[in-house]
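Student: Model the following, please.
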Amino acid sequence: MSKSATVAFLFDMDGVIIDSNPFHKIALKQFCKKYGHDLSEEELRDKIYGRTNKDWLRNVFGELPPEKLKAYADEKEQLFRELYANDIKPLNGLLEFLDATRFAGISVAIGTSAPRANVDFTLSKTGTAEYFRTILDESFVQRGKPDPEIYLKCASALGMPPERCVVFEDSISGVQAGLAAGCKVVGILTTHSAAELAGTGLQALDFSDLSPLGVVAALFDR
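Tutor: You can find the predicted model right below:
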């Protein structure tokens with residue numbers, strides 16, 4: 001068995017597969033302002049980024065009845081998809097990285113805090129659905145990031161121990177989730193600075209300067 005076949009790659013979606021967070025930010029600010037919350041940058045970072053809808057909505061609005069929680073989440077995500085539909089594209093270098101990952105025999109999964117409608121929207125618009133057979137969205141977990149549940153479940157679904165998995169993350173809560181799961185973490189610097197994603201084993205602006213085997217060597221051959 002090749003060395004690459006003994007590792008797996010676990011991808012967050014927003015800010016990793018696509019640079020969607022600027023559009024999420026617009027949608028979040030418009031949505032929250034509509035309902036009386038004019039969010040600051042600090043509040044976006046501390047209360048929202050990287051979290052499931054049910055978690056961030058409670059962080060902002062407090063406890064909500066289940067039907068209102070779902071209605072709010074659906075409204076915000078529909079707004080996001082409308083705003084982003086004409087601009088969405090894969091992160092720079094991603095398609096080449098995924099092709100090389102498949103050629104290397106490395107198993108891959110998506111572990112995202114987003115709802116399935118956003119996953120389907122993203123994979124369809126970017127032409128990346130063929131690469132990911134294991135996809136865990138917000139409905140697969142009880143505890144959102146920074147809890148490690150989603151990455152532990154991704155690793156289990158791929159039949160790989162967490163310590164042999166590499167998580168690609170852009171958010172602080174996502175990095176915390178990957179590290180808490182026992183995975184290696186690559187920080188993708190679309191949303192936060194290198195200093196803010198301290199603790200990651202490797203950092204990159206996008207995938208253009210990364211290769212799958214280079215990532216494996218950098219994180220495991222030390």
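
Student: any idea how far residue 185 lies from residue 67?
Tutor: From residue 185 over to residue 67 the distance is 36 Å, taken as C-beta to C-beta, to the nearest Å. Backbone N, C-alpha and C define where each C-beta goes, glycine included.

Student: more crowded one of the two?
Tutor: Shown here are residue 185 and residue 67; by other C-beta atoms under 10 Å, residue 185 has more neighbours (26 against 8).

Student: how does the protein divide up, domain by domain?
Tutor: As recorded under automatic domain parsing, the domains making up the chain are 3-19+89-220, 21-84.

Student: How far does the first one sit from its chain's centre?
Tutor: Mean-position distance between domain 3-19+89-220 and its chain equals 7 Å (C-alpha atoms, centre = their mean, to the nearest Å).

Student: Likewise for stretch 83-98?
Tutor: 14 Å.

Student: Would you mark the buried spots in it?
Tutor: Across stretch 83-98, burial judged by 16 or more other C-beta atoms under 10 Å covers 83, 84, 88, 90, 91, 93, 94, 95, 97, 98.

Student: quick one: contacts for the residue nearest to the fifth one when sequence neighbours are not counted?
Tutor: Spatial nearest neighbour of residue 91, chain neighbours left out: residue 206 (5.0 Å); criterion: C-beta to C-beta, 6 or more residues apart in numbering. Contacts here follow C-beta atoms under 8 Å, 6 or more residues apart in numbering; on that basis residue 206 touches 91, 92, 93, 94, 188, 190.

Student: C-terminal to the least confident helix or strand in the chain by mean pLDDT, what's the next element?
Tutor: Every helix and strand of the chain was ranked by mean pLDDT, DSSP states H and E. The lowest is helix 41-43, at a mean of 85. Where DSSP states H and E defines the elements, the next helix or strand beyond helix 41-43 is helix 53-61.

Student: And the contacts of the next helix or strand after that next one?
Tutor: Of the helices and strands lying after helix 53-61 in sequence (DSSP H and E), the nearest is helix 66-84. The contact list for helix 66-84, computed with C-beta under 8 Å, 6+ apart, reads 20, 23-24, 26-28, 30-31, 35, 53-54, 57-58, 61, 64, 114-115, 117-118, 121.

Student: Helix 66-84 vs helix 53-61, what angle?
Tutor: Orientation of helix 66-84 against helix 53-61 (axes from the mean of the first three to the mean of the last three C-alpha atoms, to 10 degrees) gives an angle of 100 degrees.
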